[in-house]
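K.L.:
Build the 3D model from these lines:
(one chain, ligands or ions: 1)
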Amino acid sequence: MKIIDVKTFLMNAGRPGAKFWASDGSFGPEGDYSNNLRGARHWLFVKIYTDEGITGIGECSGWPKVIDTAIHDLKSLLIGEDPTHIERLNQKMMIAMMGHGLLGTVGGGAMTGIDMALWDIKGKALNVPVWNLLGGKVRDRIRIYAHANAPEVALSCKKRGITAVKCGGVSNPVQKIAALREAIGAEMDLMIDMHGPPWMTPADAARLARALEPYNLMWIEDPIAPENLDGYKRIRDAAHVPLAAGERMATIFGLRDLIEQDLIDVAQPDTGRAGGITQMKKIAAMAEAHHIMMAPHSGSLGPVAEYAALHVLASIPNALILERIEDDWDGRAKTVIPHPQQKDGYLTVPDAPGLGVDIDEAFVAKFPATNNVAVPIGEESNSYAEGTYREHVYVQTRFKRGQYFKAGE
Ligand SMILES: [Mg+2]
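P.N.:
Numbers count the residues shown, from 1 in each chain. From the prediction side, this is the model:
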């Protein structure tokens, strides 16, 4: 079998005005933050064609519009190759990109879409699901968590059988978590995402982690910038709350320090940009050796990468939970065939050959690409507010401390 063509499908996933990045289509009372990325989200799918008529589908995140170009650059390396030699093709792509610098999530994203499509082809050629190629199933279904920033959204998730929710903690994190915990009770799992920079110093993050100890969190995510390894060590030494990070890193080399130095309890590589199913398996094995669990990031991902995550999580022992945004945009379900439905807070691991999914090309074509960076739009786009996220700089003077801590906390 030989690769004869590689095509990409880039779509704008979320029309202006659509609510997204929150379960229930709502961000709750602090809804203004949800709107500042409107129109920027894209999904990029890759299709690889073979001379035997078998095709494979993959997906890439990590700046899809740029990755689209990278994939067309990599295409010449793939044409004529046997798609079943996946590791060899991965190595070939890494060597080709080496001269451009470290892989990062753009190179990792390009490799991801191609790698995913290669696994899909291999599964179809052998008439087995991808999880079978990865060592078989440890489990038949994957637990998912949803986003909820307000008690009413969390309660709605609970009603639908979801057993874990995560909130964004850019402001008033302790009060937010206290309200959520009170609403959902002790049994549901709860997490908070601090989104890394530029919000907190390690000292503030350590203090916050201590303040959050009583709420029994499954994790605090990106309490500070993931590049700040010494800062993570300080937070770990100061508080007994599990830490999670890794969504901005790609490949085993990107996550190596967080894992090897035991700075996190939960690794969150993004299934669309960490380097593909091949790299996800390797990252999971590295994590396993450190008793670190896997909870793949899915914040801006589309539905093909979700399938890839299901196959990976089915096959590894240290699968914790999968991030899932099921109702952010009504086009999500129409983009792929079939669209998985969560039941009782779980997704069923697919049994069809390959990944078990394909895109609806006609539907995807209805949403052409537009701008693809997450800049604020609307009334506030030109606003500047020192000490808030509207300061729009990566390294900034810190938030007004009152946004994090009330007297006595
Ligand atoms: Mg995150």
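
K.L.:
Mean pLDDT per element in the chain, and the minimum belongs to which helix or strand?
P.N.:
Ranked by mean pLDDT, DSSP states H and E, the weakest helix or strand in the chain is helix 332-335, scoring a mean of 88.

K.L.:
Give the buried residues for that one.
P.N.:
Residues of helix 332-335 classed as buried by neighbour count (16 or more other Cβ atoms under 10 Å): 332, 335. Heads up, the C-betas are built off the backbone N, CA and C, glycines and all.

K.L.:
Contacts for it, please.
P.N.:
With contact meaning Cβ atoms under 8 Å, 6 or more residues apart in numbering, helix 332-335 is reached by 11, 13, 43, 302-303, 325-326, 339, 359-360, 363-364.

K.L.:
Could you rerun that using 7 Å?
P.N.:
Helix 332-335 is contacted by residues 302-303, 339, 359-360, 363-364 when judged by Cβ atoms under 7 Å, 6 or more residues apart in numbering.

K.L.:
Out of these, which is nearest to residue 201?
P.N.:
Within the contacts of helix 332-335, the smallest distance to residue 201 is 35.1 Å, found for residue 302 (Cβ to Cβ).

K.L.:
Just give the closest residue to the closest one, not the sequence neighbours.
P.N.:
Counting by Cβ to Cβ, 6 or more residues apart in numbering, residue 43 is the residue found nearest to residue 302 once chain neighbours are left out, at 3.6 Å.

K.L.:
Equivalent analysis for residue 100, please.
P.N.:
Nearest non-adjacent residue to residue 100, counting by Cβ to Cβ, 6+ apart: residue 107, 7.1 Å away.

K.L.:
average model confidence for the one helix or strand the one you found maps to?
P.N.:
Assigned by DSSP states H and E, residue 107 belongs to helix 104-126. Helix 104-126 shows a mean pLDDT of 96.

K.L.:
What helices and strands are in contact with that helix?
P.N.:
In this structure, helix 104-126 makes packing contacts with strand 42-50, strand 55-60, helix 64-78, helix 86-98, helix 130-133, helix 276-289, judged by 3 or more Cβ pairs under 7 Å, 6 or more residues apart in numbering; DSSP states H and E.

K.L.:
ok, back up a step: now the contacts of helix 332-335 in CSV, with pLDDT?
P.N.:
CSV is the format used below for these (pLDDT from 0 to 100):
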residue, pLDDT
302, 90
303, 93
339, 85
359, 97
360, 96
363, 93
364, 94
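
K.L.:
neighbour-wise, which of those leads?
P.N.:
Within the contacts of helix 332-335, most neighbours by other Cβ atoms under 10 Å means residue 302, with 26 neighbours.

K.L.:
these two touch, right, that residue and residue 13?
P.N.:
Yes - using Cβ atoms under 7 Å, residue 302 makes contact with residue 13 at a distance of 6.1 Å.

K.L.:
overlap in contacts of those two?
P.N.:
In terms of Cβ under 7 Å, 6+ apart, residue 302 and residue 13 are both contacted by the residues residue 43.

K.L.:
so where do the strands sit in the chain?
P.N.:
Under the criterion DSSP state E, strands of the chain are mapped to 3-12, 42-50, 55-60, 141-147, 164-168, 189-193, 219-221, 243-245, 266-267, 293-294, 322-323, 336-337, 346-348, 358-359.

K.L.:
Now do the third one, average pLDDT.
P.N.:
When pLDDT is averaged along strand 55-60, the result is 98.

K.L.:
Could you list the buried residues of that strand?
P.N.:
So, applying 16+ other Cβ under 10 Å, buried residues of strand 55-60: 55-60.

K.L.:
now those as CSV including distance to residue 129?
P.N.:
Formatted as CSV, these follow (distance: Cβ to Cβ, whole Å):
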residue, distance to residue 129
55, 16
56, 13
57, 14
58, 16
59, 17
60, 22
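
K.L.:
out of those, who's nearest residue 352?
P.N.:
Closest to residue 352, out of all of those and judged by Cβ to Cβ, is residue 57, at 12.2 Å.

K.L.:
so what's that closest one up against?
P.N.:
45, 47, 117, 120, 304, 355, 357-359.

K.L.:
now the helices for the stretch 201-350 of the chain?
P.N.:
Here the stretch 201-350 of the chain has its helices, by DSSP state H, counting those that start in this stretch, at 202-212, 229-238, 251-260, 276-289, 303-315, 332-335.

K.L.:
Relative to residue 131, which of those helices is closest?
P.N.:
Counting by Cβ to Cβ, residue 131 lies closest to helix 303-315 out of those; the figure is 4.3 Å.

K.L.:
so what does that closest one touch, helix or strand wise?
P.N.:
If you count contacts as 3+ Cβ pairs under 7 Å, 6+ apart, helix 303-315 packs onto strand 55-60, helix 130-133, strand 141-147, helix 276-289.
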